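Asks: Sequence below, structure please.
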Amino acid sequence: MAIEYKTRTQLVVETLREKILSGEIVAGQALRQTALADELNVSRIPVREALLQLEAEGLVTFEPHKGASATELSAAQVDELFELRAMIEGDLLAASLVHITDHALAQATDILVNLDSALGKENAANTWSELNSDFHNCLYSGANRPQTANLVNILNKNADRYIRMHLLWAGGISKAGPEHAELLAFCQARDIDNAVAKLKQHILNSRDEIKAFLLQREAS
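Replies: Numbering: from 1, shown residues only. Below you'll find the predicted structure:
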């Protein structure tokens, strides 16, 4: 029974996520649990659980006396989030590479293998997003800057819905693989300048592709 319930909840999560990211559910649209349960032919329990998961991803907002609604996807917010990420993560990587261990780089290498194997599997965007964060955090592990690392994690949580959209709709997965491999190679060589330049390019390329997708969606 537990397996069946989990599968049903995940089905609702994936269905609603796709509708929000594709624009079928627009920003501010109310997400009524009873109506969604009827539409998806499930009880309200998996719908409630799905909405809570989507809230954690930044795609749904709960407001007192109003319930759940889809959050806005903003090109201006993409600029701010990804430019902050490029600046702060670049500095964090530079600090890390002075002290990073061979063990951390070996972990990062293993994660890249898992990233490749995650493609095409069920719930690939969720798995890929988590492994992507793990990969970057491995590369930053030598910095010993917990406050900066915490700030990076907050920025990444806020950017996560855009990253998922990039993976699902803007071809982000196919482009990220080679960029990650190049970044790791520079890190293994302790080539700080090229590693930081590649990291910033990687983050800002994602920004540009996500913005282009959002603007195209708005135009249509």
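
Asks: which ones are touching Asp91?
Replies: By C-beta atoms under 8 Å, 6 or more residues apart in numbering, Asp91 lies in contact with Thr148. Where you see a C-beta, it was placed from the backbone N, CA and C, and this is true even at glycine.

Asks: right, I mislabeled it, should have said Ala159
Replies: Applying C-beta under 8 Å, 6+ apart, we find Ala159 in contact with Leu81, Phe82, Arg85.

Asks: Inside helices: which ones of those residues?
Replies: Leu81, Phe82, Arg85 (DSSP state H).

Asks: Turn the residues you listed into a markdown table, including distance to Thr34 and neighbour count.
Replies: Shown next, in a markdown table, are those (distance: C-beta to C-beta, whole Å; neighbours: other C-beta atoms under 10 Å):
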| residue | distance to Thr34 | neighbour count |
| --- | --- | --- |
| Leu81 | 34 | 21 |
| Phe82 | 37 | 23 |
| Arg85 | 39 | 23 |
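
Asks: Assign a three-state SS to Asn158, would you?
Replies: helix (DSSP: H, G, I helix; E, B strand; the rest coil).

Asks: One more: Ala149?
Replies: Under the three-state scheme (three-state DSSP), Ala149 adopts helix.

Asks: looking just at contacts, which helices and strands does the lowest-mean-pLDDT helix or strand in the chain meet?
Replies: Here the helix or strand of the chain ranked lowest by mean pLDDT, DSSP states H and E is helix 2-22, holding a mean of 76. Judged by 3 or more C-beta pairs under 8 Å, 6 or more residues apart in numbering; DSSP states H and E, helix 2-22 is in contact with helix 33-40, helix 44-56, helix 146-169.

Asks: Could you point out which of those helices sits nearest Asp193?
Replies: Set against Asp193 and scored by C-beta to C-beta, the helices and strands packed on helix 2-22 come closest in helix 146-169, at 19.6 Å.
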